[in-house]
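[1] Generate coordinates for the sequence data below:
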Amino acid sequence: MLDYLSEVKIEKLPALRVATYSVAGKEPEDEAIDYLNRWIEKNVVEKGLAKGENLRNFGFDIPIYSYLTEKGYRGYEAWREVPKDVNPSEYIVIKEIQEDVYATLTIKEPFKDPFEKIGKGWKTLINWVNSGEYRSKFTLNRFCLEEIIHENGVEYMKIYEPVK
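    Prediction:
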């Protein structure tokens, strides 16, 4: 195993209520995360509903129209956990995510050589899932997720593959 990849684990992700923002663009991750973070500050943190650093962050690639991919665009959806009393607004959708089981792997410092580390992390996780007793299981409400975690001054990306 590479020193920046953890062992694969099977984990239950608890039910979540999330605010979501989706976008297509050349660097959709930055745009989606920035927009959603600004919205969270204005509509959650400033209203005293939650502290921003306590809200879990997730994201994942989403399919987009082929005419956009031909222009070099990609799709991305960002999620931030929100309390029950937060409502949707223009461009922001609130989703209730059910508790589910995932295979997970954590990548240390993923943005130092992200194409190598994140790509290798996903390949390792998917190969592990499909080589044993588990299998990937995707449905309309099950997502491959990426979660950014900061711990003791180190950045990690935890990746989630839904399994059956």
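[2] can you give me phi and psi for residue 80?
    The phi and psi values for residue 80, taken as degrees, to the nearest 10, are phi -130, psi 130.
[3] ok, it to residue 18 distance?
    Relative to residue 18, residue 80 is positioned 6 Å away (CB to CB, to the nearest Å). For every residue, glycine as well, the C-beta is placed using N, CA and C.
[4] Kindly report the same for residue 112.
    From residue 112 across to residue 18, the span is 28 Å (CB to CB).
[5] Show me which residues of the lengthiest helix in the chain are buried.
    The longest helix of the chain (DSSP state H) is helix 114-129. Neighbour-count burial for helix 114-129, with 16 or more other CB atoms under 10 Å as criterion, is recorded at 117-118, 120-122, 124-126, 129.
[6] name the helices or strands packed onto that helix?
    Counting contacts by 3 or more CB pairs under 8 Å, 6 or more residues apart in numbering; DSSP states H and E, helix 114-129 packs against strand 100-108, strand 154-162.
[7] what angle do it and strand 154-162 make?
    40 degrees (axes from the mean of the first three to the mean of the last three CA atoms, to 10 degrees).
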